[in-house]
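Undergrad: Task: produce atomic coordinates for the following.
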Amino acid sequence: MKRKWIIAVILSLTIYTISCEAPPDLSAEDYYQLGLSLAAQGKYEEAINAFTNAIVIDPGKTEYYVNRGDTYQNTRDYGLAIADYNKALELEPNDAMTSYKLLLAKQAKEIQDAADELQEGFIEQNETWETPIIPDE
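TA: Numbers count the residues shown, from 1 in each chain. Here you go, the predicted model:
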């Protein structure tokens, strides 16, 4: 039983490692185009993986980071979108559209963080809040 478990773990790690590496038969541009297509279909996680493969192959392309950032925005992962927009601006500092997208992502993250704090406070308050006793009439 233990041996089967170890084999399963090794197999899983091997598959994971292979899936994280970009196959050599596709170019960065191929992955980028695939990412655009997947994002347009609403397949955001797959699109993120395709954009990431493009970045691994060619980390100097601004549009790879911008489009992955856009896709992170669509999944409401604003922290990662912000990181990608910042990287794109390192590569192309005067890109007004990316600067605008960065601003929007920061605002969305602030709103998300505030909503999370409100929800957390509401839950904590409800945990300590006793139900009022309503007198019988």
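Undergrad: contacts and neighbour counts: CA atoms only from here.
TA: OK.
Undergrad: which other helices and strands contact the helix ranked longest in the chain?
TA: Secondary structure assigned by DSSP state H gives helix 96-128 as the longest helix of the chain. Judged by 3 or more Cα pairs under 8 Å, 6 or more residues apart in numbering; DSSP states H and E, helix 96-128 is in contact with helix 78-91.
Undergrad: which residues touch the helix it packs on?
TA: 60-63, 65-66, 68-73, 95, 98-99, 101-102, 105-106, 108-109 (Cα atoms under 8 Å, 6 or more residues apart in numbering).
Undergrad: and if you look at stretch 49-57?
TA: With Cα under 8 Å, 6+ apart as the criterion, stretch 49-57 contacts 20-22, 27-32, 34-35, 61, 64-65, 67-68.
Undergrad: in this structure, which helix or strand is least confident?
TA: Here the helix or strand of the chain ranked lowest by mean pLDDT, DSSP states H and E is helix 2-20, holding a mean of 47.
Undergrad: buried ones in the following helix or strand past that helix?
TA: Next along the chain after helix 2-20, taking DSSP states H and E as the criterion, comes helix 28-40. Residues 28-29, 31-36, 38-39 are the ones in helix 28-40 that count as buried (16 or more other Cα atoms under 10 Å).
Undergrad: Average pLDDT for the helix or strand following helix 28-40, rounded please.
TA: The first helix or strand that comes after helix 28-40 along the chain, using DSSP H and E, is helix 44-57. The predicted model gives helix 44-57 an average pLDDT of 98.
Undergrad: chain center to helix 44-57: distance?
TA: 11 Å (Cα atoms, centre = their mean, to the nearest Å).
Undergrad: Equivalent analysis for stretch 78-89, please.
TA: Chain-centre distance of stretch 78-89: 10 Å, with Cα atoms, centre = their mean.
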